[in-house]
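Q: any chance you can model this:
(chains A and B)
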Amino acid sequence: MANSNPLIQVKNLDLHFGAFHALKNVSVDFHAGEMIGLVGDNGAGKTTLIRVLCGIYAPTSGEVFFDGNKVEKFHPKLAIDQGIETIQQSVGLCDNLSIARNFYLGREPVKRVLGIPFLDMGKMREKSTRVIRQFGLRANVSADDEVERLSGGERQSVKIGRAVEFKNRVVIMDEPTNHLSVREREHVNELAVQLKEQGLLVIYITHDIFQVHKLADRIVIMENGEKVADATTDSMTAEELEEVIRQGGRVVEKREAV
Amino acid sequence: MKQIVRSQGFGAIIGVVVMLVVFSLIDFSGWWTAQTITNVTQFTAILSFVAMGQALVIMTKEIDLSVGSVYGLAGVAFITLEPSFGVPGSLVIALVMAAFVGLLQALTVVKGHLPSMIVTLGGLFAVRGIIYVWTGGSVHNFSADARIHPVTRLFGGELFGVEAAIFWLVVVAAVLGIVLRATPFGNRLLATGGNRESAESRGVRTDRVKIWAFVLCSLLAGFAGILTLCNQPQTHVTLGENMELEAISAAVIGGCLLTGGRGSIIGAVLGALIVVSFRYELIALGAPSSWYITFVGVVLIMAVIFNQKLARFLGHSV
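A: The predicted model follows:
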């Protein structure tokens, strides 16, 4: 399914925070229509790499190409405009606003009356209602309900629905199933696969190699700021990949017993 | 109906109804007189302008303690600059000065990542000091010509048979209410206060939203000062002292939560009505005027408890 030209191409990326070397010569290609499992321990550099892709950090050296064009400026707004959407567990929805208002936050549709931009509430309700039905929210939830009434899984569904609706090209999911019930987790994973099948690039970040191995086409393992493995899921089993994480782990100096 | 009950101003609507019933029961003849109603509505209108601006700032999860001083500064500027610039000129300069103070404080808060409570506390003292230095403690008056100037009459006289301040309040409150509920700016303002990080992640420039809220707040406070002086063109150095506390009280009684993201314009107006009504009724009942502050304090605490219970009853997490 993956076509030959990568949608995102990272070349020899280095990132320093002061003396700390967060990313070390990372090169990786991501293709449209692919689901990538990005796996690694805490502090391995997964999230740092993603933050470069969604414009929060600018790399110290190295290049990032998006759809064949070299990325010159890194800013979250630019990444959003390019169609790169990040779904995080705790960020993305404002509890005090209705689903419809959250759905369009930052790019509200307007009707102009005498040149004054008024929110097009009708359109906002209609579209977000369709999405919340499609993404399996409870039947008694309406687009006018505030987000604080939703469960963790429903929140993720709204965010994923929003990512689909805005014709994004890349959806980055950062630990999307943390704190979710088993059923909600399955639902979120199904949605992730749907996104991929619609031709989007999905990057799925997790600790759980076994879970993502079932979903992803390719697994990229990071360790200590470096890419240590990059393999298609049909070429390596989850157990083999787990072994890579163990072997490639940081050297933890054991304290001598006093 | 459901919309009204769920709106943040609902507690204040109940509060106003209860207050009017109680005042009617204990002091019907003293309360429902033309004189009382005129005074109460006039001062409510003026406090409402300050409270509405405060509500906007509180909704972005910040606070502006300098509004009383800004109110005073705009008033003093309006009167003292009138001989050199004329009524319209000094009015514009006074508003620009107010907006400038708001902008300066907003930039300090936003760019310096400082708590607005401290920055605007500094603003409160600094601006009050400027008033003392500028006036030298003396009282300034409008000349007879300036008092009958059409612009003075437009803001201080009567329009269509009602006090000008009431007329302007209805217009400005309607505009602000619509901006807050029905425009992208309002949506982003509420989002900024509700969850700043999430708003940023959607591409909302929360810094700009906050700057606008502070500037609007100072402009409204300045406008309130001008309305006051068009009605009674005489300044004194204490003009607007403690007004920030009344304005915050009014906004909070009107349903603004200091945790941000929740509040209403109509609530701030009704909150101002409650605060001002208590002042007048206590005076009318012959209580020493110093009791007024105590009562505002008690009403404020009762209102916060009531609004919180109401919010929990409606299923909000506060």
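Q: wait, doesn't B:Pro83 sit right on B:Asp145?
A: No. Counting by C-beta atoms under 8 Å, B:Pro83 sits too far from B:Asp145 to count as a contact (10.1 Å). Using the backbone N, CA and C atoms, a C-beta is placed for each residue, glycine as well.
Q: shared neighbours of those two, anything?
A: Shared contacts of B:Pro83 and B:Asp145, defined by C-beta atoms under 8 Å, 6 or more residues apart in numbering or on different chains, are absent.
Q: quick one: mean pLDDT over the host helix or strand of B:Val40.
A: Taking DSSP states H and E as the criterion, B:Val40 maps to helix B:34-59. In this model, helix B:34-59 has a mean pLDDT of 92.
Q: neighbours around the residue lying closest to A:Val64 once chain neighbours are set aside, how many?
A: Spatially, and ignoring its direct neighbours in sequence, A:Val64 is nearest to A:Val71 (4.4 Å; C-beta to C-beta, 6 or more residues apart in numbering or on different chains). A count of nearby residues for A:Val71, using other C-beta atoms under 10 Å in any protein chain shown, gives 21.
Q: coming back round to it: buried ones in the helix holding B:Val40, by neighbour count?
A: Buried residues in helix B:34-59, counted by 16 or more other C-beta atoms under 10 Å in any protein chain shown: B:36, B:39-59.
Q: now stretch A:186-194
A: So, applying 16+ other C-beta under 10 Å, buried residues of stretch A:186-194: A:His187, A:Val188, A:Asn189, A:Leu191, A:Ala192.
Q: now do the longest helix along chain A: which elements does it pack against?
A: When chain A is parsed with DSSP state H, its longest helix is helix A:182-197. Counting by 3 or more C-beta pairs under 8 Å, 6 or more residues apart in numbering or on different chains; DSSP states H and E, the packing neighbours recorded for helix A:182-197 are strand A:35-39, helix A:152-165, strand A:170-174, strand A:201-206, helix A:209-215.
Q: now the phi/psi pair for the residue lying farthest from the centre of chain B, please.
A: Within chain B, the residue lying farthest from the chain centre (C-alpha atoms, centre = their mean) is B:Ser201, at 31.6 Å. Backbone geometry at B:Ser201, expressed as degrees, to the nearest 10, gives phi -70, psi -20.
Q: now it: closest residue in space, sequence neighbours ignored.
A: Nearest one to B:Ser201, counting by C-beta to C-beta, 6+ apart, is A:Val91 at 5.1 Å.
Q: count the neighbours of that neighbour for me.
A: Neighbours of A:Val91 (other C-beta under 10 Å): 16.
Q: part of a strand, is it?
A: No. Going by DSSP: H, G, I helix; E, B strand; the rest coil, the assignment for A:Val91 is coil, not a strand.
Q: tell me where the model's unsure across chain A.
A: Within chain A, the set of residues satisfying pLDDT under 70 comprises A:1-4, A:248-258.
Q: and the most centrally placed residue in it, what are its bridge partners?
A: Residue closest to the average C-alpha location in chain A (C-alpha atoms, centre = their mean): A:Ile172, at 1.5 Å. On the basis of DSSP bridges, A:Ile172 is bridged to A:Thr86, A:Ile203.
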